[in-house]
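[1] Sequence and predicted structure, then a few things I'm wondering about:
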Amino acid sequence: MAERKGHELLRGSLDLMVLSVLADGAKYGYLIQKRIGEASDGGVRLQAGTLYPLLHRLEADGLIKAKWEPGSGRRRCWYELTRKGLQRLGRQADQWLQIARCMDRLIESASAALKEVRHAPGGA
């Protein structure tokens, strides 16, 4: 059950992850996957079957634009933020920072109880 809840939280944050990765410049799909994997220390493995529909939806919403360019031996589709995408990134980033600060405070206040559970016989 905990894994499912974590998965749902992740699904809700994928747009923000992709927009954040594109904030410093255009990237093609593999580079987006790689950057998210690196930022999560390998904890988030964004599969192509999830990434490309997400990119297509972000493009249809006007948040990113796609451009096909020749690469080393094959064409690649590069994705970059639009002005609207940058504005959305700013709003979502602000919301997530507020949530993160809240969670930090709540977890910090719960730290004594968490320590007791972790150090108790049979604890995690």
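    The structure has been received and is ready for your questions.
[2] all helices of the protein, in order?
    With DSSP state H as the criterion, the chain has helices at 2-22, 29-39, 48-60, 83-109, 111-119.
[3] For residue 10, give me its contacts.
    Residue 10 makes contact with residue 44, according to C-beta atoms under 8 Å, 6 or more residues apart in numbering. (Each C-beta comes from the backbone N, C-alpha and C, glycine too.)
[4] for this protein, which residue is closest to the average position?
    Residue closest to the mean C-alpha point of the chain, counted by C-alpha atoms, centre = their mean, is residue 17 at 2.5 Å.
[5] which one of the helices of the chain lies closest to residue 70?
    Between residue 70 and the helices of the chain, the tightest spacing by C-beta to C-beta is seen for helix 29-39, at 15.8 Å.
[6] Tell me how far that closest one lies from the chain's centre.
    With C-alpha atoms, centre = their mean, to the nearest Å as the basis, helix 29-39 stands 10 Å off its chain's centre.
[7] Need the CA coordinates for it. CSV is fine.
    In CSV, the C-alpha atoms belonging to helix 29-39 read as follows (Å, rounded to 0.1, in the frame of the first residue of the first chain):
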residue,chain,number,x,y,z
GLY,A,29,13.5,12.3,-24.3
TYR,A,30,16.5,10.2,-23.2
LEU,A,31,18.2,13.3,-21.7
ILE,A,32,15.0,14.1,-19.8
GLN,A,33,14.9,10.5,-18.4
LYS,A,34,18.5,10.6,-17.5
ARG,A,35,18.3,14.0,-15.7
ILE,A,36,15.3,12.9,-13.6
GLY,A,37,17.0,9.6,-12.8
GLU,A,38,20.2,11.5,-11.7
ALA,A,39,18.2,14.0,-9.6
